[in-house]
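Peer 1: Sequence first, then the predicted structure, then my questions.
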Amino acid sequence: MQMTFFETDADKQIHDTFIKDLKRGSGFENGKKRIYEFFNQNLSKAETIKLLKDEYGIGGRSVTGYSQRHDSKGIEIKLDKVVDGKLEVLGEKLYTWSQVYDAISKLINSGEYLEGEE
């Protein structure tokens, strides 16, 4: 039996959405560039997390089927759909700032964070 990292398809969709969202940056002009620079300043993980929290602030965004909110706790991804006129949550997960740091660090180290950008 093969073990998988994700318990359900919704868990994988949430994770994939989280990674795609991180690649967009903070949502502020030049935010993605600033975030990239945070990781190139030889700061501690705690110092970088503080900068990430400040860069993202409190807020979020949503479109049909997806919402993202961020605050002092981290970044929450929620997937949903409308069924019989009612909103049904397919899954949601809160990623702590430590998890956000780890994911962005991995994207930067693999060359995926700034992929396709100058």
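Peer 2: That came through, no problem.

Peer 1: buried residues in stretch 91-100?
Peer 2: By neighbour count on 16 or more other C-beta atoms under 10 Å, the buried set for stretch 91-100 is Gly91, Lys93, Tyr95, Trp97, Val100. Any C-beta I mention is one placed from the backbone N, CA and C, and that applies to glycine too.

Peer 1: And it, how far out from the chain middle?
Peer 2: 7 Å (C-alpha atoms, centre = their mean, to the nearest Å).

Peer 1: could the buried residues of stretch 91-100 be laid out in CSV, adding pLDDT and distance to Phe38?
Peer 2: Formatted as CSV, the buried residues of stretch 91-100 follow (pLDDT from 0 to 100; distance: C-beta to C-beta, whole Å):
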residue, pLDDT, distance to Phe38
Gly91, 91, 29
Lys93, 96, 23
Tyr95, 98, 17
Trp97, 98, 12
Val100, 98, 11
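
Peer 1: What is the most widely separated pair among these?
Peer 2: The largest separation in the buried residues of stretch 91-100, counting by C-beta to C-beta, is between Gly91 and Trp97 at 20.7 Å.
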